[in-house]
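Asker: Sharing a model prediction with you, sequence too.
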Amino acid sequence: MPVDEIHPGMEGVGRTVFEGDTIEEFRVEILGILKNAIGPQEDMILARLHGDRIEYTGVVAGMSGSPVYIDGRLVGAVAYRIGSFAKEPIAGITPIASMLRLADAPARGVSEQPRPPDLLGRFLGTANGGVLIPTAGESPTPLPALQSTASAGGQMEPIGTPLICTGCDAGVLRYYAPIFEAHGLQPMTGGGVSEEASLLPLEPGSPIAAALALGDLAMTGVGTLTAMDEDRILAFGHPVLGTGPIEVPMTQAEVLLTFASEAGSFKVANATRPIGSFVRDGLTGVVGRIGRSAPTIPVDVHVSSPAGERSFHYRVLDNRSWSPVLIAVTTANSLVRTTEYDAGAALGLKYRISLEGYPDVLVEEIFSGTSPTQPVHLALANAAGGLFGVLHNNRFETPRMLGARVDVEVLPENRVAVIKSLSVSRTRVRPGQTIRVMAVLKPYRGESRTVVWDVKIPEDMPRGDARIVVGSGPAINSLERQVLQRRISQAGSLTDLIALLESRRRNSALYLSLSRRSPSAVVRTDVLSDLPLSIFSVFNSPRLSSDATLMFRAPVLELERDLDLVVVGGRRISVKVQ
């Protein structure tokens with residue numbers, strides 16, 4: 001039924017499942033048409049819902065997509081409600097014509113959007129453990145955050161999608177919840193995935209779910225099927241992830257109960273094994289194909305400790321925006337879901353990322369608790385997700401991610417240390433001379449230790465002041481953040497990017513950096529030091545400015561010393577070359 005045939009006072013019926021596998025009907029009273037309420041030229045049908053259940057629960061999270069009929073003709077899908085704490089079940093209905101336009105839009109392949117919004121940067125976009133996230137030169141376009149669970153005001157908003165999480169630690173879920181909530185997903189612990197569950201006939205009103213992760217941890221967003229045509233289905237009536245073309249495993253859902261709450265009622269459900277794939281996620285709903293197989297990324301997490309070994313296996317959504325987040329969630333959850341977990345321990349990481357056509361990317365690192373706001377398991381998990389995101393979000397090509405393996409060793413004690421002092425054997429030196437640099441480290445509740453370098457001043461070192469900095473990988477990175485970002489943003493290929501990741505400074509090593517004031521430049525991924533002024537001026541030309549970044553401090557040498565500690569911060573000292 002087109003919108004122009006709908007007018008206030010008309011009555012119809014809606015269909016959804018409140019409990020078990022029985023589709024129940026509720027009455028719908030049309031109140032009017034809200035012009036352009038969903039978007040430009042996208043109207044919304046405003047309705048009041050009636051029925052014993054619906055008047056008790058209100059509009060329920062998980063009802064998104066519930067079909068509404070008038071005189072046997074499909075009007076649209078229940079998809080919106082008025083904030084929280086509503087006194088009566090007022091709903092917004094997405095017209096079926098709008099959903100059909102989405103379904104009939106020509107396919108353009110999986111979305112190649114930039115990486116997720118700034119909110120993700122709170123978790124993955126920092127230099128955790130020295131992980132470099134490319135941000136320079138780009139201003140990532142946020143994913144459409146059309147849904148909000150925080151509004152208690154009077155505006156119409158998409159009905160929240162219950163994100164049922166099984167096997168997930170409540171603390172891990174709380175930490176990552178803002179990412180999901182920004183897109184209308186309401187994370188909650190609950191039912192899981194039943195591989196043995198019998199599949200019921202699909203029909204309008206049946207519960208349907210999008211599986212973001214499967215395996216030892218499952219995360220499924222539950223909604224309702226609106227309409228189907230042979231192997232094609234329409235559901236939800238609003239975006240779920242808001243990424244446009246996408247491949248998400250589609251499952252059926254078994255509603256265990258509908259929990260009534262004044263703050264917002266929601267369905268609790270189990271999911272079945274995948275039955276197809278959602279292929280488009282747009283403004284007016286999602287489109288799925290029954291029988292289609294959605295690609296997923298296998299993630300294996302192996303945890304070893306003095307108490308024994310545990311292995312966890314997952315399959316996460318293959319999407320450049322969401323895969324890094326899901327890898328971080330599954331990794332963090334694997335660590336705290338073991339009986340031998342110790343928040344005060346150090347964690348050793350061996351991380352392998354497999355891409356088709358490239359050698360495996362290998363990373364080894366040690367993490368130890370250095371901040372009460374980010375426990376050690378979250379620091380490690382964010383590093384794992386961040387590294388994966390750098391590769392999956394590269395701007396050179398669409399990589400086929402074959403999988404990730406995360407090996408974590410739980411070390412018996414905290415391994416944090418600070419640099420207590422830094423000294424040199426002499427502060428005035430000549431080119432070719434060797435000076436001794438001594439850094440005194442103070443481990444957490446341990447005895448001080450001294451790290452010594454014998455540093456030879458290069459023969460061609462010109463006269464003037466030089467700076468010696470000793471610190472951890474993240475500390476040195478923070479001093480050179482602009483240079484590092486430019487090296488990544490100026491990389492010429494995915495091979496360059498992989499090489500930069502594998503050569504990154506680690507937080508389980510101590511670095512000595514000697515530098516001096518001199519014209520220098522970052523050209524592509526290379527640092528050119530001591531440039532003649534004529535060459536320096538050439539790089540400053542508009543024609544080359546996009547490929548080069550000018551600097552006025554030149555690196556002279558850098559020395560690395562492996563440690564069994566995580567050093568926090570760094571110190572600096574100056575010497576004069578005569």
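Answerer: Structure's in. What do you need?

Asker: got a pLDDT number for the residue lying closest to residue 185 once chain neighbours are set aside?
Answerer: Spatial nearest neighbour of residue 185, chain neighbours left out: residue 163 (4.2 Å); criterion: C-beta to C-beta, 6 or more residues apart in numbering. The C-beta positions use only the backbone N, C-alpha and C, and glycine is treated the same way. As summarised for this prediction, residue 163 has a pLDDT of 91.

Asker: One more: the one 4 residues further on?
Answerer: Confidence at residue 167, expressed as pLDDT, is 83.

Asker: Near the closest residue to it other than its chain neighbours, how many other residues are there?
Answerer: Distances taken as C-beta to C-beta, 6+ apart put residue 217 closest to residue 167, at 4.5 Å, once the chain neighbours are dropped. Other residues near residue 217 come to 26 when the count uses other C-beta atoms under 10 Å.

Asker: Identify the residues contacting residue 217.
Answerer: 165, 166, 167, 168, 312, 314, 329, 330, 333, 334 (C-beta atoms under 8 Å, 6 or more residues apart in numbering).

Asker: would you list these in TSV and tack on neighbour count?
Answerer: As requested, these are arranged in TSV below (neighbours: other C-beta atoms under 10 Å):
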residue	neighbour count
165	26
166	18
167	19
168	26
312	21
314	26
329	29
330	30
333	26
334	29
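
Asker: In JSON lines, list the residues you listed along with distance to residue 260 and secondary structure.
Answerer: Formatted as JSON lines, these follow (distance: C-beta to C-beta, whole Å; DSSP: H, G, I helix; E, B strand; the rest coil):
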{"residue": "165", "distance to residue 260": "21", "secondary structure": "strand"}
{"residue": "166", "distance to residue 260": "22", "secondary structure": "strand"}
{"residue": "167", "distance to residue 260": "26", "secondary structure": "coil"}
{"residue": "168", "distance to residue 260": "24", "secondary structure": "coil"}
{"residue": "312", "distance to residue 260": "35", "secondary structure": "strand"}
{"residue": "314", "distance to residue 260": "33", "secondary structure": "strand"}
{"residue": "329", "distance to residue 260": "29", "secondary structure": "helix"}
{"residue": "330", "distance to residue 260": "32", "secondary structure": "helix"}
{"residue": "333", "distance to residue 260": "29", "secondary structure": "helix"}
{"residue": "334", "distance to residue 260": "34", "secondary structure": "helix"}
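
Asker: just checking, what packs against the one helix or strand residue 385 maps to?
Answerer: Element membership for residue 385 (DSSP states H and E) is helix 376-392. Applying 3 or more C-beta pairs under 8 Å, 6 or more residues apart in numbering; DSSP states H and E, one finds that helix 376-392 contacts helix 323-336, strand 346-355, strand 361-367, strand 401-411, helix 494-502.

Asker: 6 Å instead?
Answerer: Contacts defined by 3 or more C-beta pairs under 6 Å, 6 or more residues apart in numbering; DSSP states H and E place helix 376-392 against helix 323-336, strand 346-355, strand 361-367.

Asker: Give me the distance from that helix to the chain's centre.
Answerer: 9 Å (C-alpha atoms, centre = their mean, to the nearest Å).

Asker: and the angle from that helix to strand 361-367?
Answerer: Calculated by axes from the mean of the first three to the mean of the last three C-alpha atoms, to 10 degrees, helix 376-392 forms an angle of 160 degrees with strand 361-367.

Asker: what's the average pLDDT for helix 376-392?
Answerer: pLDDT averaged over helix 376-392 gives 89.

Asker: in this protein, which helix or strand is least confident?
Answerer: helix 118-121 (a mean of 36; mean pLDDT, DSSP states H and E).

Asker: right, and the helix or strand after it?
Answerer: strand 156-158.

Asker: Which positions in stretch 560-571 come out as buried?
Answerer: Under the neighbour-count criterion of 16 or more other C-beta atoms under 10 Å, stretch 560-571 has 563, 565, 566, 567, 568, 570, 571 buried.

Asker: what about it, start to end distance?
Answerer: For stretch 560-571, the first-to-last residue distance is 15 Å (C-alpha to C-alpha, to the nearest Å).

Asker: sorry, back to before: tell me, how many residues neighbour the residue nearest to residue 185?
Answerer: Residue 163: 26 neighbours (other C-beta under 10 Å).

Asker: That one contacts residue 221, doesn't it?
Answerer: Yes: the criterion here is C-beta atoms under 6 Å, and residue 163 meets it with residue 221 at 5.1 Å.

Asker: which residues are in contact with both of these two?
Answerer: residue 185 (C-beta atoms under 6 Å, 6 or more residues apart in numbering).

Asker: ok, back up a step: redo the helices and strands packed on helix 376-392 as TSV? Include distance to residue 451 and mean pLDDT.
Answerer: Converted to TSV, those look like this (distance: least, C-beta to C-beta, whole Å; pLDDT from 0 to 100):
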stretch	distance to residue 451	mean pLDDT
helix 323-336	30	92
strand 346-355	19	92
strand 361-367	16	89
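
Asker: Tell me the secondary structure of residue 484, please.
Answerer: helix (DSSP: H, G, I helix; E, B strand; the rest coil).

Asker: buried stuff in stretch 252-259?
Answerer: 252, 253, 254, 255, 258, 259.

Asker: So for that stretch, mean pLDDT?
Answerer: So the average pLDDT for stretch 252-259 ends up being 84.

Asker: next one: stretch 510-518
Answerer: 87.

Asker: what sits up against it?
Answerer: 451, 453, 466-470, 476, 530, 553-561, 563, 567.

Asker: try it again with 7 Å
Answerer: Stretch 510-518 is contacted by residues 437, 439, 451, 453, 455, 464-473, 476, 505, 529-530, 552-561, 563, 567 when judged by C-beta atoms under 7 Å, 6 or more residues apart in numbering.

Asker: From those, keep the buried residues only.
Answerer: 437, 439, 451, 453, 455, 466-473, 476, 505, 553-556, 563, 567.
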